[in-house]
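Student: I'd like to go over a predicted model; first the sequence, then the structure.
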Amino acid sequence: MMLAVVLSSCEDDVKTTMKLAPSAVTLATTSTTIVLDSAKASSTIAETFSWNAPNYGVQLSITYTLELDSANGTFGKPTTVVLDNKTSQDYTKKELNDLALSLRLVPGQAGQIKARVRADVNTNVEPIYSNTLNITITPYSTKPTPKYPVPDALFIVGDATPGGWANAVPTPSQQFTKIDDYTFGIVLQLTGGKQYVFLPKNGSWDHKYNFTTGGSNPEGDSFIPDVPGTDNNLNGPVNSGLYKIVVDFITGKYTVTSISSNPVPGNLFIVGDATAGGWTNPVPVPSQQFAQISNAEFQITLPLTSGKSYLFLPRNDNNWDHKFGGTAKTGGELLSDGNVPNSNTPAPDASGNFLITVNFLSKQYTVTPQ
């Protein structure tokens with residue numbers, strides 16, 4: 001052990017520098033290969049990290065920090081847990097699973113993380129680090145299990161809809177928009193007193209989602225997939241009007257809600273100095289007009305210039321009354337009208353080609369480099 005103390009002073013200043021050579025810190029774990037499951041995940045200890053206190057040769061107060069990183073990480077920006085003077089840390093199955101997922105391990109697949117301990121005395125003493133341990137973890141999925149398998153797409157057909165019972169149905173107007181991994185939504189006019197069903201494949205009657213027996217609630221009900229030999233269609237609303245239908249494959253239920261105005265514009269355009277057309281309105285078409293890919297979702301691929309900004313417009317006739325945008329360069333919450341910041345939507349950090357997707361039911365937009 002080496003201890004050196006250097007003091008320098010003037011009338012109002014005393015500076016102390018300490019160089020210490022403490023004994024090593026050795027990190028250990030109860031296991032280096034762990035397969036996690038969700039059973040009693042919040043109360044079952046899955047892993048314990050423990051380490052010895054280093055000997056500095058003098059009595060010092062030591063603060064320990066457990067640092068965790070991905071297998072390819074360098075501890076440049078590790079996940080940290082400050083433990084004060086504790087020399088061990090337990091992780092429940094849930095806590096360890098959350099940690100593994102945050103470090104981008106894939107549910108159901110073995111992956112590695114690494115851990116070390118940092119020991120700090122004070123700002124005048126260099127920290128010391130333990131050995132690094134590699135730990136193999138197989139995390140479990142925290143996503144809910146849907147009642148029925150989620151189809152890739154969903155359509156609506158029936159005499160309650162504008163397209164009637166003709167199959168294939170008109171798209172994109174009668175193709176549902178995916179709101180999240182398990183939920184679809186659509187906004188459309190429905191004719192009162194009529195019926196419809198949901199189809200996973202446009203143009204095919206091989207599979208459909210309908211009702212079990214009897215008549216379904218016009219405001220929404222449970223649905224089931226594929227009932228051979230039955231025609232238990234879903235009852236439409238009593239009155240004609242504009243409706244929003246949401247189909248949830250987690251619960252196996254759908255809702256039908258009357259709405260007064262359509263949140264989905266008929267068209268969508270992009271304007272701004274981040275685009276080739278600048279802030280000129282009307283914008284050049286078709287290069288700055290979105291394509292509608294489902295009932296409530298629009299996409300466009302175009303070059304964007306970094307350091308600039310843009311907006312989404314529902315009209316292309318020099319009208320600025322309504323606009324959409326956001327605050328994030330790579331996508332986020334879709335804002336409208338007065339909620340859009342005066343600085344508009346910022347372009348990505350680097351210029352290039354980007355796919356922009358705008359979803360009016362999830363109220364999200366994404367900006368993806370191409």
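Tutor: Here it is on my side, so go on.
Student: list the buried ones in stretch 26-36?
Tutor: Of all the residues in stretch 26-36, those buried under the rule 16 or more other Cβ atoms under 10 Å are Leu27, Ile34, Leu36. Quick note: C-beta positions are derived from backbone N, CA and C, even for glycine.
Student: let me fix that: stretch 337-349
Tutor: Val340, Asn344, Thr345, Pro346, Ala347, Pro348.
Student: Shouldn't Ala168 be within a helix?
Tutor: No. Counting by DSSP: H, G, I helix; E, B strand; the rest coil, Ala168 is located in no helix; its state is coil.
Student: where does the residue lying closest to it once chain neighbours are set aside land in three-state SS?
Tutor: Closest residue to Ala168 apart from its sequence neighbours, by Cβ to Cβ, 6 or more residues apart in numbering: Gly203 at 3.7 Å. Using three-state DSSP, the structure places Gly203 in coil.
Student: gap between Gly203 and Tyr196?
Tutor: 16 Å (Cβ to Cβ, to the nearest Å).
Student: Those two: which has the busier surroundings?
Tutor: Tyr196 (26 against 12; other Cβ atoms under 10 Å).
Student: Any idea what the more buried one is bridged to?
Tutor: With beta bridges defined as DSSP bridges, Tyr196 has these partners: Leu234.
Student: Next up, the contacts around it.
Tutor: Counting by Cβ atoms under 8 Å, 6 or more residues apart in numbering, Tyr196 touches Ile156, Val157, Gly158, Asp159, Ala160, Thr161, Leu190, Asn233, Leu234, Gly236.
Student: Surely the first one is in contact with Val187?
Tutor: No. Assessed by Cβ atoms under 8 Å, Ile156 is found out of contact with Val187, at 11.1 Å.
Student: Overlap in contacts, these two.
Tutor: Taking Cβ under 8 Å, 6+ apart as the criterion, Ile156 and Val187 both touch Ile245.
Student: what about these two, which has more around it?
Tutor: Counted by other Cβ under 10 Å, Ile156 and Val187 do not tie: Ile156 has more neighbours, with 26 against 20.
Student: Now do the contacts for the more buried one.
Tutor: With contacts defined as Cβ under 8 Å, 6+ apart, the neighbours of Ile156 are Val169, Gln174, Phe176, Ile186, Leu188, Tyr196, Val197, Phe198, Leu199, Ile245.
Student: again, but for Thr132
Tutor: Thr132 makes contact with Leu27, Lys114, Ala115, Arg116 under the criterion Cβ under 8 Å, 6+ apart.
Student: list the contacts for Pro237?
Tutor: Counting by Cβ under 8 Å, 6+ apart, Pro237 has contacts Ala160, Leu190, Gly192, Pro218, Glu219, Tyr243, Val256, Ser258.
Student: Out of these, flag the one nearest to Leu311.
Tutor: The closest of the contacts of Pro237 to Leu311 turns out to be Tyr243 (Cβ to Cβ; 29.3 Å).
Student: Whichever helix or strand that closest one is part of - contacts with which helices or strands?
Tutor: Element membership for Tyr243 (DSSP states H and E) is strand 241-248. For strand 241-248, the packing partners by 3 or more Cβ pairs under 8 Å, 6 or more residues apart in numbering; DSSP states H and E come out as strand 183-190, strand 253-258.
Student: what about it, distance to the chain center?
Tutor: Going by Cα atoms, centre = their mean, to the nearest Å, the spacing between the C-alpha centre of strand 241-248 and its chain's C-alpha centre is 24 Å.
Student: Ok, stretch 357-369 next?
Tutor: Once both centres are worked out by Cα atoms, centre = their mean, stretch 357-369 turns out to sit 12 Å from its chain's centre.
Student: Now do the end-to-end distance for that stretch.
Tutor: The first and final residues of stretch 357-369 sit 12 Å from each other (Cα to Cα, to the nearest Å).
Student: Can you tell me which of the buried residues of stretch 26-36 is closest to Asp90?
Tutor: The closest of those, once distances to Asp90 are taken by Cβ to Cβ, is Ile34, at 13.2 Å.
Student: give the contact list for that closest one.
Tutor: So Ile34 contacts Ala46, Glu47, Leu96, Ile135, Thr136, Ile137, Thr138 (Cβ under 8 Å, 6+ apart).
Student: now swap in Asp84 and tell me
Tutor: When contacts are counted by Cβ under 8 Å, 6+ apart, Asp84 is found next to Thr63, Tyr64.
Student: Equivalent analysis for Arg315, please.
Tutor: Residues Asn267, Phe269, Asp321, His322 are the ones in contact with Arg315 under the rule Cβ under 8 Å, 6+ apart.
Student: Distance-wise, check it relative to Asp221.
Tutor: When distance is defined by Cβ to Cβ, Arg315 is 38 Å away from Asp221.
Student: hang on, Ile179 packs against Ser362?
Tutor: Yes. Between Ile179 and Ser362 a contact is recorded at 4.8 Å, counting by Cβ under 8 Å.
Student: ok now the helix or strand that contains Phe49, how far from the chain's centre?
Tutor: For Phe49, the enclosing helix or strand under DSSP H and E is strand 45-51. Its chain's C-alpha centre lies 30 Å from the corresponding centre of strand 45-51 when counted by Cα atoms, centre = their mean.
Student: List the strands paired with it, with their directions.
Tutor: strand 27-29 (antiparallel), strand 88-92 (antiparallel).
Student: I'd like those as CSV, with mean pLDDT appended.
Tutor: Compiled in CSV, these are given as follows (pLDDT from 0 to 100):
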stretch, mean pLDDT
strand 27-29, 97
strand 88-92, 97
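Student: which one of those lies closest to Phe249?
Tutor: strand 88-92 (29.9 Å).
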